[in-house]
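J.: Okay, sequence plus prediction incoming.
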Protein chains: 2
Amino acid sequence: MAELKGSCIVAQSGGPTTVINSSLCGVAQEAKKHKCFDGIYASLNGILGVLREEIFDLRKEKPSTIEALRRTPAAAAGSCRYKLRSLEDNREDYERILDVFKAHNIRYFFYAGGNDSMDTADKLSQLAREAGYEMRAMGVPKTIDNDLACTDHCPGFGSVAKFIATMSMEAGRDTEALYTTDTCTVLETMGRNAGWIAAAGGCAQRTPVDAPHLVYVPEVAFDMKQFVKDVKKVLHKLGRCFITASEGIQDKDGNYIAEIGGGFAKDSFGHRQLGGVAETLREIIENKVGVKCRSNKLGTCQRNAMHFASKTDSDEAYRVGAQAVREAAKGTTGKMVTLVRKSNKPYRCTTGLADLSAVANGERKVPRSWMNKDGNHITRKMRDYITPLMRGEVPIRVDKDGLPVFMRFEKKFLPKKCQAW
Amino acid sequence: MAELKGSCIVAQSGGPTTVINSSLCGVAQEAKKHKCFDGIYASLNGILGVLREEIFDLRKEKPSTIEALRRTPAAAAGSCRYKLRSLEDNREDYERILDVFKAHNIRYFFYAGGNDSMDTADKLSQLAREAGYEMRAMGVPKTIDNDLACTDHCPGFGSVAKFIATMSMEAGRDTEALYTTDTCTVLETMGRNAGWIAAAGGCAQRTPVDAPHLVYVPEVAFDMKQFVKDVKKVLHKLGRCFITASEGIQDKDGNYIAEIGGGFAKDSFGHRQLGGVAETLREIIENKVGVKCRSNKLGTCQRNAMHFASKTDSDEAYRVGAQAVREAAKGTTGKMVTLVRKSNKPYRCTTGLADLSAVANGERKVPRSWMNKDGNHITRKMRDYITPLMRGEVPIRVDKDGLPVFMRFEKKFLPKKCQAW
């Protein structure tokens, strides 16, 4: 493949994660090693930054700033939830992106995100091909939900898994200490359609007395009567019950459980109230089991817990970013870098490639057989799959006040060359 | 003071904290150094364990188990919310406690807890004096709320402060990355009557762009119109807004804001729903400001975050436990060990003593002057007070799966000598 001279751009998309900045670091540091890249740019707020021509120069950032990406959560270049639809429906947007790329001679596009982002990258490379503009588009996997197709697991998941399991252990000790009054606790996790994060909470349980005693995922239909029975059974045995539940659990007809309580409740503005799954399960326990229950909802804290990130996850996030650059420099395009588990004991993982379109159209849910027969806890297979991904700690910097130190880009923007969007 | 030979007992009470077990460790390790203690016991679930005669022998625990208390959150001996009322109203309970103490020749009582616990210890020592039973009762301060009188601060607070500030920084970066869509975030903290924990979140802000941009505490009357103005002002300047709010914020008439939404809402069982402050503020923002808002409620996770505890806090928790033992061995009784700040730069702190009754009847709220004029953020004085308490990290053990390792007692119970309670 002939060398393609031009600039490269990296963008971050969708919900932030603890380690997506490690992928950005991998892209930026690897790109510096290759002569084919004239400029190394980042787009502000994902694809929006390209559309708005808000592009800044990563070569003008201090090397220490780039390195500190590995210790900074969320998305340092900014993220977005801007979804481009099909080429037919959204041709203007795609053409605008191409115009901006042409104006700055951007020939390489690295997009860190989930399946929508892979779809955007895929369609963009289609359009470029049609337009005769030579460019290479590579996907960098990112999602705490761990639901991308074609890859063993997703960067971002290992760290949220470690944090949710740790929170289950720690808050579980609270329930254990106060079981004479505060008998049940529900910990709500993210994961709208896939239960991987809630399942990770299950890894905190090493012996039957450990929290969580019950784990609920969207892939197993939730039955309120069975739930009440499950809780009573645990209470009978242990006198306390700690539950980890995915925000996306649904009944057999596909209704979200988070909406059961809310479906009846109106807030003070007269709108339907969605208090979340933890609140709904708390309400069920207090009313149907008759014991005090507490609800914890970590929300966006869970996907940014840099202070206790997984080193395995952080290193792999870096690796998929760097590998995307190496592949593009070699001539690869239209692919997402995947993670391929070679062995579990010891854990060994390498990278592979998948078609962007295959990732865009796929989804990886929790297999029913990885949950127990009753559908209320994980199996050994799930545990063996998740635990290697949580291993190791990322050394962070802590300042004189005992708080983490994070970086911010200086953001030297490129002069605009296109009309305003 | 003549030496008092007999056994000692330690109990933990109220809401667990990250470091109350460090205090237990301080009591147990210090007690071993003094010959006056025949037995070194712990009560299961606070004062309940004495009432039920469920007492276990700390000398029969492995020294490594005792040492691991310093790395284990919550309350390893179990806690309770059992409140003894006045001697007149609750004489039976107090007499029962004394009977159990007499049966096991318990002459020293160390109670780690908040002001209710100090009250219990105080009344118990009154009754013992009346009954001519020589015993010494010492209080060991513990509360994440940091609202105990007579002490500069309370063990447990420094660690929750560090965690809430860290979560504000981390989740704040999420809001910063996604501001184009998920524009506001509310982080709810504990602290029903005192705003110290929410104020600690304020320490995360070093520059105006940093989260949290607004901080609300119960000591400043909350005004919904002003709140909407505050949020709009931040949005106008930064395009995003991160808010840290205490669960106990109230309007000028003393109505809890958490109940505003809930006051109108009925759950599916027809009960009034209390979704918490974060949910209520989220609702106000979405309806009155018209932007998307996310709510995070760390719940019991915040007071057990051993994996990122404050070393200053952990060491001080140990110290007040050990000091209580030294004082009791010397003859002191009816006192709580206090923390006395000698200087702030450098931070130096020593211990003192306060009457149990003074602690029992006091309360320490956030001074109005430690919040800014608008009542929506902290002042430098508050920052200078809190930051030294968050300093340093406690090395924890992490197992092969990347998760913390906590201890559990073996709990060798003493044979029962009293009638069942």
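T.: Ah, there it is. Residues are numbered from 1 along each chain as shown, chains lettered A, B, ... in the order given.
J.: tell me the contacts of A:I197?
T.: A:I144, A:D145, A:N146, A:F157, A:V160, A:A161, A:I164, A:T189, A:M190, A:G191, A:S246, A:Q302 (C-beta atoms under 8 Å, 6 or more residues apart in numbering or on different chains). Any C-beta I mention is one placed from the backbone N, CA and C, and that applies to glycine too.
J.: what mean pLDDT does whichever helix or strand it is part of have?
T.: Per DSSP states H and E: A:I197 is located in helix A:196-202. Averaging pLDDT along helix A:196-202 yields 98.
J.: and after that helix, which helix or strand comes next?
T.: Sequence order places strand A:214-216 as the next helix or strand after helix A:196-202, per DSSP H and E.
J.: does any bit of whichever helix or strand comes after that next one sit next to chain B?
T.: Using DSSP H and E, the next helix or strand after strand A:214-216 towards the C-terminus is helix A:224-238. No. Contact of helix A:224-238 with chain B (C-beta under 8 Å from any C-beta of the partner chain) is absent, the minimum separation being 10.5 Å.
J.: For helix A:224-238, output the C-alpha coordinates as PDB.
T.: Extracted in PDB, the C-alpha atoms of helix A:224-238 (Å, rounded to 0.1, in the frame of the first residue of the first chain):
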ATOM      1  CA  MET A 224     -41.800  -8.900  40.700                       C
ATOM      2  CA  LYS A 225     -43.300 -11.900  42.600                       C
ATOM      3  CA  GLN A 226     -40.100 -13.900  42.000                       C
ATOM      4  CA  PHE A 227     -38.100 -10.900  43.100                       C
ATOM      5  CA  VAL A 228     -40.000 -10.600  46.400                       C
ATOM      6  CA  LYS A 229     -39.400 -14.400  46.900                       C
ATOM      7  CA  ASP A 230     -35.700 -14.000  46.100                       C
ATOM      8  CA  VAL A 231     -35.300 -11.200  48.700                       C
ATOM      9  CA  LYS A 232     -37.200 -13.000  51.400                       C
ATOM     10  CA  LYS A 233     -35.100 -16.100  50.900                       C
ATOM     11  CA  VAL A 234     -31.900 -14.200  51.300                       C
ATOM     12  CA  LEU A 235     -33.300 -12.400  54.300                       C
ATOM     13  CA  HIS A 236     -34.300 -15.700  55.900                       C
ATOM     14  CA  LYS A 237     -30.800 -17.000  55.500                       C
ATOM     15  CA  LEU A 238     -28.700 -13.900  56.300                       C
END
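J.: ok, and what's touching the helix or strand A:V100 falls within?
T.: Secondary structure assignment for A:V100, by DSSP H and E: helix A:91-103. Under the criterion C-beta under 8 Å, 6+ apart, residues A:9, A:47, A:50-51, A:53, A:55, A:84, A:87, A:106-107, A:109, A:123-124, A:127-128, A:131, A:133, A:135, A:417-418, A:421 lie in contact with helix A:91-103.
J.: what is the rounded mean pLDDT of it?
T.: On average, helix A:91-103 scores 96.
J.: quick one: buried residues of it?
T.: A:D93, A:Y94, A:R96, A:I97, A:L98, A:D99, A:V100, A:F101, A:K102 (16 or more other C-beta atoms under 10 Å in any protein chain shown).
J.: Phi first, then psi, for A:P63.
T.: phi -60, psi -30 (degrees, to the nearest 10).
J.: hmm, back to that, what's downstream of the helix holding A:V100, the next helix or strand?
T.: Under the assignment DSSP H and E, the closest C-terminal helix or strand after helix A:91-103 is strand A:106-113.
J.: Pull up the pairing partners for that following strand, direction included.
T.: strand A:6-12 (parallel), strand A:136-141 (parallel) (DSSP bridges).
J.: And the next helix or strand past that strand?
T.: Following strand A:106-113 in sequence, per DSSP H and E, is helix A:115-130.
J.: what's next to that next one, contact-wise?
T.: A:13-14, A:46-47, A:83-84, A:86-87, A:94-95, A:97-98, A:101, A:109, A:111, A:113, A:134-139, A:142, A:148-149, A:333-334, A:336, A:355-357, A:359-363.
J.: Give me the buried subset of those.
T.: Applying 16+ other C-beta under 10 Å to those flags A:13-14, A:46-47, A:84, A:87, A:94, A:97-98, A:101, A:109, A:111, A:113, A:135-139, A:142, A:148-149, A:333-334, A:336, A:356-357, A:359-360 as buried.
J.: quick check: domain ranges of chain A?
T.: What automatic domain parsing lists as the domains of chain A is A:6-143+A:306-362, A:157-302.
J.: Show the end-to-end separation of stretch A:359-369, please.
T.: 23 Å (C-alpha to C-alpha, to the nearest Å).
J.: Could you find the closest non-adjacent residue to A:M336?
T.: Of all residues not flanking A:M336 in the chain, A:G139 sits nearest, at 3.2 Å (C-beta to C-beta, 6 or more residues apart in numbering or on different chains).
J.: Could you give the number of residues near A:D251?
T.: 13 (other C-beta atoms under 10 Å in any protein chain shown).
J.: now A:K5
T.: For A:K5, using other C-beta under 10 Å, the count is 11.
J.: okay but it is in contact with A:R107, surely?
T.: Yes. Contact criterion C-beta atoms under 8 Å: A:K5 and A:R107 qualify, at 7.4 Å.
J.: What about the contacts of A:I197, which are in helices?
T.: A:F157, A:V160, A:A161, A:I164 (DSSP state H).
J.: Hmm, the second one is touching A:I144, no?
T.: Yes. Here A:V160 reaches A:I144: they are 4.3 Å apart, a contact under C-beta under 8 Å.
J.: Can you check which residues contact both of the two?
T.: Joint contacts of A:V160 and A:I144 (C-beta under 8 Å, 6+ apart) are A:T17, A:M190, A:I197, A:Q302, A:R303.
J.: Relative to A:E259, which of those is nearest.
T.: A:M190 (16.6 Å; C-beta to C-beta).
J.: send the alpha carbons of the helix holding A:V100 over as PDB?
T.: Provided in PDB are the C-alpha atoms of helix A:91-103 (Å, rounded to 0.1, in the frame of the first residue of the first chain):
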ATOM      1  CA  ARG A  91     -25.900  13.500   3.200                       C
ATOM      2  CA  GLU A  92     -25.400  17.100   4.000                       C
ATOM      3  CA  ASP A  93     -23.600  16.300   7.200                       C
ATOM      4  CA  TYR A  94     -21.400  13.700   5.700                       C
ATOM      5  CA  GLU A  95     -20.500  16.100   2.900                       C
ATOM      6  CA  ARG A  96     -19.700  18.800   5.300                       C
ATOM      7  CA  ILE A  97     -17.400  16.500   7.200                       C
ATOM      8  CA  LEU A  98     -15.600  15.700   4.000                       C
ATOM      9  CA  ASP A  99     -15.300  19.400   3.100                       C
ATOM     10  CA  VAL A 100     -13.700  20.100   6.400                       C
ATOM     11  CA  PHE A 101     -11.300  17.100   6.000                       C
ATOM     12  CA  LYS A 102     -10.400  18.300   2.600                       C
ATOM     13  CA  ALA A 103      -9.800  21.900   3.800                       C
END
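J.: Done for today, thanks.
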